[in-house]
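A.B. asks: Generate coordinates for the sequence data below:
(one chain, ligands or ions: 1)
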Amino acid sequence: MAVQKKITLIGAGNMAEALIAGMLKGKVATPEQLYATDILPERRTHLQDRYGIKTGADNGDAAAWGEVLILAVEPQVLGEVLQLTAQSIKKDALVISVAAGYPIGSLAAHLPPGARIIRAMPNTPSSVGAGVTAIALGPGVTEEDRETAEAIFRSVGTVVTVEERLMDAVTGLSGSGPAYVYLIIEALADGGVKAGLPRQTAEQLAAQTVLGAARMVVESGDHPAVLKDRVASPGGTTIAGLHKLEEGRLRATLINAVEAACRRSKELGAGPRD
Ligand SMILES: NC(=O)c1ccc[n+]([C@@H]2O[C@H](COP(=O)([O-])OP(=O)(O)OC[C@H]3O[C@@H](n4cnc5c(N)ncnc54)[C@H](OP(=O)(O)O)[C@@H]3O)[C@@H](O)[C@H]2O)c1
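C.D. replies: Here you go, the predicted structure:
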């Protein structure tokens, strides 16, 4: 779905660039519809040269321009940025924040009453178009707003809607999850090297195996346990490997990892918010 609105991005770092690239590639927006600000002149030049979009350093000017405002600065500076730009934001603008751990209530405290806010939690694979984003809808958000946010984040992957109270769980799973999987890929490759494979070959086999297995889950719609049972033949190699994973408590370890990251996200979110 193309978004027929002017979109401002405040903070043009990695996540903003992933969104700009995704929206243009997916024809969700044209370059003329995008305006990004950043304090670094190199970032502005880079985005202008690479994507042909409007860039600037004046957040107020950009905020006044956009009908959709994407806040993509670091959470530590978001309060200050909002303080300086809130009065410039269009009255009817949809505000989307990707700042990790920054609650809708804290955003609303900086914005005029009745501001429509969507909080989003994308993850790093968004930069290769394979991200997953959880969105939580603030009070007064319309169906059209939700569709707009979905179209924007679908341009870099898939989108789920959750209640805001589940954002820490999202952070523990899909936010931190890519790092868990990198560790798993590295370990699988180490196993391949131990079994005699050249390092590069082992890494390729490991990464593609994880990618392929994930696609099987997503595209078949089958439960992972069903797919696992299908590859584990009686007395075969796979069940021997699976037995070792169970001995090593892989499942409990991954559950613990998600739980610990979720807890840490809650702790960080409980800190002061300006
Ligand atoms: N990357 C991810 O996968 C991911 C996932 C989920 C959520 N997020 C959220 O997305 C946001 C951006 O993350 P990121 O990874 O893209 O970080 P980043 O690359 O550091 O991007 C932030 C950009 O905003 C700029 N900036 C800082 N203060 C500014 C201001 N007052 N006005 C305009 N621009 C300003 C920064 O410039 P300087 O470098 O000079 O500070 C930087 O270029 C964060 O809130 C993060 O929590 C990111």
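A.B. asks: how many other residues sit next to the closest residue to Glu186 other than its chain neighbours?
C.D. replies: Take Glu186 and drop its neighbours on the chain: the residue closest to it by Cβ to Cβ, 6 or more residues apart in numbering is Ala206, 7.7 Å away. All C-beta atoms are positioned from the backbone trio N, CA, C, and that covers glycine. By the criterion of other Cβ atoms under 10 Å, Ala206 has 21 neighbours.
A.B. asks: Helices along the stretch 1-150 of the chain, start to end?
C.D. replies: 14-25, 41-51, 59-65, 75-85, 104-110, 143-154 (DSSP state H, counting those that start in this stretch).
A.B. asks: among those, which is the most enclosed?
C.D. replies: Comparing these by mean neighbour count (mean count of other Cβ atoms under 10 Å), helix 14-25 comes out on top with a mean of 22.
A.B. asks: tilt between that one and helix 41-51?
C.D. replies: 20 degrees (axes from the mean of the first three to the mean of the last three Cα atoms, to 10 degrees).
A.B. asks: Work out the gap between helix 14-25 and the centre of the chain.
C.D. replies: Distance of helix 14-25 from its chain centroid, counting by Cα atoms, centre = their mean, to the nearest Å, is 12 Å.
A.B. asks: can you check stretch 78-90 too?
C.D. replies: 23 Å.
A.B. asks: State whether Ser220 and Ala214 are indeed in contact, as I suppose.
C.D. replies: No - between Ser220 and Ala214 there is no contact under Cβ atoms under 8 Å: 11.1 Å.
A.B. asks: What number of residues are in the vicinity of the residue in the stretch 151-274 of the chain that the ligand sits nearest to?
C.D. replies: Going by Cβ to the nearest ligand atom, the ligand is nearest to Gly175 of the stretch 151-274 of the chain, at 6.1 Å. Neighbour count of Gly175, defined by other Cβ under 10 Å: 23.
A.B. asks: Check the spacing between it and Cys262 real quick.
C.D. replies: 10 Å (Cβ to Cβ, to the nearest Å).
A.B. asks: what's the answer for Ala12, then?
C.D. replies: 30 Å.
A.B. asks: quick one: which of the two has more around it?
C.D. replies: The neighbour comparison of Ala12 against Cys262 (other Cβ under 10 Å) goes to Ala12, with 26 against 20.
A.B. asks: does the ligand sit close to stretch 158-171?
C.D. replies: No - if you take Cβ under 6 Å from any ligand atom as the test, stretch 158-171 misses the ligand, and the best it gets is 8.3 Å.
A.B. asks: Figure out how far that stretch is from the centre of its chain.
C.D. replies: 11 Å.
A.B. asks: now the end-to-end length of it.
C.D. replies: 15 Å (Cα to Cα, to the nearest Å).
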